[in-house]
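Undergrad: let me see the structure of the following:
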Amino acid sequence: MRCIEKGDSMDQPEAVARFTRMEDGTKADYELLERVQRPFDQALADRVLEHLRQLGNSYGGMLVDRLTHSLQSATRAERDGRDEQYVICALLHDVGDLLATHNHADLAAAILKPFVSERNLWIVQHHAIFQGYYFWHHVGADRNARDKYRDHPYYADTAEFCALYDQCSFDPDYDTLPLAHFEPMLRRVFSAPRWSEYEG
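TA: I've put the predicted structure just below:
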């Protein structure tokens, strides 16, 4: 078994593993894949930024688009002196809106999981049900559904996140910082994974 080298095929990258079943892969194949994966991993921040930009001009009936809401949440968190990781969680808490319409918080949490603390991850993953406190009673749902987590150590943190940074960030007149302001911060957070499922 060998890797395809440059010139073998115009449709393939310079080198690819040749197995069609992972159980047939060799050490050389997987070393190659690891080398290819490294720059792909390093470009994650670019892909996240691009997806954030896609939230622009998506309003969902609100006064501001989804990108502005995200930026406004992050702006408020930064101005309150929150650390970079928390600010990036505020920036990305709704990044799943376009692709995970019915469970956007889960998608945001999955993206952030390798890079943030347990507390910040829990806030992002559960913010949707906590945000429901502000409007679910208007649409026939239980605004106090969040109370099933009343005894959780991060309950108060999540309620605070929604109160200070999420539910109030739909203001077209607020002095919201642009995405470029948060880009270096996002790159720093995404440059240092704390955990990966591929490392056991």
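
Undergrad: so where is this structure shaky, pLDDT-wise?
TA: 1-14, 198-200 (pLDDT under 70).

Undergrad: ok, which stretches of it are helices?
TA: Taking DSSP state H to define them, one finds helices in the chain at 27-42, 44-54, 66-79, 84-92, 104-112, 118-131, 155-161, 179-190.

Undergrad: out of the ones you listed, which gets nearest to residue 197?
TA: helix 104-112 (10.8 Å; C-beta to C-beta). Yep, even glycine has a C-beta here, placed from its N, CA and C like the rest.

Undergrad: next, the angle helix 66-79 makes with the closest one.
TA: 60 degrees (axes from the mean of the first three to the mean of the last three C-alpha atoms, to 10 degrees).

Undergrad: reformat the helices of the chain as a markdown table; add distance to residue 140 and mean neighbour count.
TA: Shown next, in a markdown table, are those (distance: least, C-beta to C-beta, whole Å; neighbours: other C-beta atoms under 10 Å):
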| stretch | distance to residue 140 | mean neighbour count |
| --- | --- | --- |
| helix 27-42 | 44 | 12 |
| helix 44-54 | 31 | 15 |
| helix 66-79 | 24 | 23 |
| helix 84-92 | 29 | 25 |
| helix 104-112 | 20 | 20 |
| helix 118-131 | 16 | 21 |
| helix 155-161 | 22 | 18 |
| helix 179-190 | 36 | 17 |
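
Undergrad: nearest to residue 145 among the ones you listed would be which one?
TA: Of all those, helix 118-131 comes closest under C-beta to C-beta, at 5.6 Å.

Undergrad: list the helices and strands the closest one packs on?
TA: helix 84-92, helix 104-112, helix 155-161 (3 or more C-beta pairs under 8 Å, 6 or more residues apart in numbering; DSSP states H and E).

Undergrad: check which helices and strands the first one sits against.
TA: I take that to be helix 84-92. helix 44-54, helix 66-79, helix 104-112, helix 118-131, helix 179-190.

Undergrad: could those be laid out in TSV, adding distance to residue 152?
TA: Formatted as TSV, these follow (distance: least, C-beta to C-beta, whole Å):
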stretch	distance to residue 152
helix 44-54	28
helix 66-79	21
helix 104-112	15
helix 118-131	8
helix 179-190	24
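
Undergrad: select, out of those, the one closest to residue 146.
TA: Comparing the helices and strands packed on helix 84-92 by C-beta to C-beta, helix 118-131 comes nearest, at 4.7 Å.

Undergrad: if anything else comes up later, I'll come back, but that's it for now.
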